[in-house]
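>>> Fold the following.
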Amino acid sequence: MRETTDGEALGARAAARPVGGVPCRVVVCRDCCCGTSKVTGVDHAAQTARLRAGAPVRISACLDVCDQANVVVVQPSSAGRAAGARPVWFGLVNDPDATEDIVAWVRAGGPGVAPRPEILDLYAFTPPRRRPAP
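Coordinates of the predicted model:
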């Protein structure tokens, strides 16, 4: 099995893709605050690996919401997008139970496909709007 640049096996990516569409994707911030020793008591590598078990994961530079570290964004699948779903941002994802709840939701279909578990409402937030570059 060939590997992609982020270490994910191509076969695993194909296996995660639902028939006829693009699966949910997870974006994990790992920059100045998220994924660093500034957020104590979290095994960041284990968290990323666990998220990868549920969906394709992209590691991002700073998402500019450092006060919410660790930040995880769940992007809807093509089916979720067709149903009108938008990405869902989660902040303060600093314990294994929160990570497991996100993984379970993504495996169930994620935004627009499966109802979001109420426990994840504790972590969901609306990111600030970014100003366009001048």
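
>>> Heading C-terminal from the worst-scoring helix or strand of the chain on mean pLDDT, find the next helix or strand.
Lowest on mean pLDDT, DSSP states H and E among the helices and strands of the chain sits helix 10-16, with a mean of 42. Following helix 10-16 in sequence order, the next helix or strand is strand 25-29 (DSSP states H and E).

>>> Sheet partners, orientation included, of that following strand?
strand 57-60 (parallel), strand 72-75 (antiparallel) (DSSP bridges).

>>> what about the longest helix belonging to the chain, average pLDDT?
The longest helix of the chain (DSSP state H) is helix 96-108. Averaged across helix 96-108, the pLDDT comes to 97.

>>> buried residues in it?
Ala98, Thr99, Asp101, Ile102, Val103, Trp105, Val106 (16 or more other Cβ atoms under 10 Å). (Glycine included, C-beta is placed from N, CA and C.)

>>> Same question for stretch 117-131.
Neighbour counts over stretch 117-131 (16+ other Cβ under 10 Å) mark Leu120, Tyr123 as buried.

>>> contact partners of that stretch?
Outside of stretch 117-131, the residues within contact range by Cβ atoms under 8 Å, 6 or more residues apart in numbering are 63-65, 68, 88-93, 98, 101-102, 104-105, 116.
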